[in-house]
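S.K.: Take this sequence and fold it.
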Amino acid sequence: MWNDENRPRYNRDKLRYPSDLTDKEWSQVEGMIPPAKRGGRRRAVNVREVVNGVMYVLSTGCAWRYVPRDLPPSGTLYGYLQRWAYDGTLDNLHYELYQKCREQAEREASPTACIIDSQSVKSAEKGGPASIRKAMMRGRKSAARSAISWSIPRAC
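M.R.: Next up is the predicted model:
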């Protein structure tokens, strides 16, 4: 709730970018980031800066090539994001933070109820390919779509 007591807690004016993690936020996330792989070169990048860079791209929606110069290179950020998505780090982060938020709100760590709206029930009742929206399906190519295709003989 936005009140005089909570407002300073969420103030991000002193951070470099509003998407940067505060020290308290980083302390909760730091232990969930996997350590560097054994062998090979030492990790040369600051992982907190990588997380800040990924958060910057995700919060602003900017293209990777427009990442500010004071953050790690966009290729590094993209590589870490892909690696963390592949190895399940992002899913683990989401799950752990979700549970902490629920416990902080004095709720059980996992919800005991779910909400189903009438639209979901209608589409589930139909079942099969009929429940897939046509806009989401890949279009089929037809030979009749192009006038050129009629003039070129097919080799079968």
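
S.K.: pretty sure Thr76 contacts Val45?
M.R.: Yes. Using Cβ atoms under 8 Å, Thr76 is in contact with Val45, at 5.9 Å. Backbone N, C-alpha and C define where each C-beta goes, glycine included.

S.K.: residues in contact with the biggest helix by length in the chain?
M.R.: Assignment by DSSP state H gives helix 89-104 as the longest helix of the chain. Residues outside helix 89-104 that contact it (Cβ atoms under 8 Å, 6 or more residues apart in numbering): 28-29, 32-34, 81, 83-84, 108-111.

S.K.: rerun at 6 Å
M.R.: 32, 34, 84, 109 (Cβ atoms under 6 Å, 6 or more residues apart in numbering).

S.K.: Likewise for stretch 45-56?
M.R.: 17, 19-20, 26, 33, 71-72, 76-77, 80-81.

S.K.: redo that, cut-off 8 Å
M.R.: Counting by Cβ under 8 Å, 6+ apart, 16-17, 19-21, 26, 29-30, 33, 62, 67-68, 71-72, 74, 76-77, 80-81 sit against stretch 45-56.

S.K.: In it, which residues are buried?
M.R.: Within stretch 45-56, the residues that count as buried by 16 or more other Cβ atoms under 10 Å are 47, 50-56.

S.K.: so how far is that stretch from its chain's centroid?
M.R.: Distance, stretch centre to chain centre, for stretch 45-56: 14 Å (Cα atoms, centre = their mean, to the nearest Å).

S.K.: could you point out where this protein is predicted with low confidence?
M.R.: Filtered on pLDDT under 70, the chain yields the residue ranges 1-2, 111-112, 118, 120-156.
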